[in-house]
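the amino acid sequence is not available; the structure is as follows:
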């Protein structure tokens, strides 16, 4: 079990977890986070372009990745998987 916070709602975002290291740090897949965020919140984001891609990007970076700012809430992001 992780010593660090997980992205909520866990029933969706836990699917983006790639691994948890021996210290409890969780590594999330950036691509999976984008896909999950798009499914969950795509219709709630301001549509800045035809497919909402920029709005989802902004939402993910501000509301989710923005939490990743100290040791207590720290998680890792893998941008290649």
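Yep, it's here. Fair warning: this is a prediction, and the values are worked out from it, not measured in the lab.

name the residues of the longest helix along the chain that are buried.
Longest helix in the chain by number of residues (criterion: DSSP state H): helix 30-41. Neighbour-count burial for helix 30-41 flags 30, 32-34, 36-38, 41 (criterion: 16 or more other Cβ atoms under 10 Å). In this view, the C-beta of every residue, glycine as well, is placed from N, C-alpha and C.

and those residues as CSV, adding pLDDT and distance to residue 62?
Output for these, formatted as CSV (pLDDT from 0 to 100; distance: Cβ to Cβ, whole Å):
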residue, pLDDT, distance to residue 62
30, 93, 15
32, 95, 18
33, 93, 13
34, 91, 14
36, 94, 16
37, 91, 11
38, 88, 15
41, 81, 12
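
need the contact list for residue 9.
Each residue near residue 9 by Cβ atoms under 8 Å, 6 or more residues apart in numbering is listed here: residue 40.

show me where pLDDT drops low in this structure?
Residues of the chain meeting the criterion pLDDT under 70: 1-4, 43-53, 69-73.

which residue is nearest the centroid of it?
residue 33 (4.2 Å; Cα atoms, centre = their mean).

who's in contact with that residue?
Shown here is residue 33, whose contacts under the criterion Cβ under 8 Å, 6+ apart are 7, 13, 16, 60, 64, 77.

how about the second one, nearest residue that isn't a chain neighbour?
Nearest in space to residue 13, with sequence neighbours left out and distances taken as Cβ to Cβ, 6 or more residues apart in numbering, is residue 7 at 4.0 Å.
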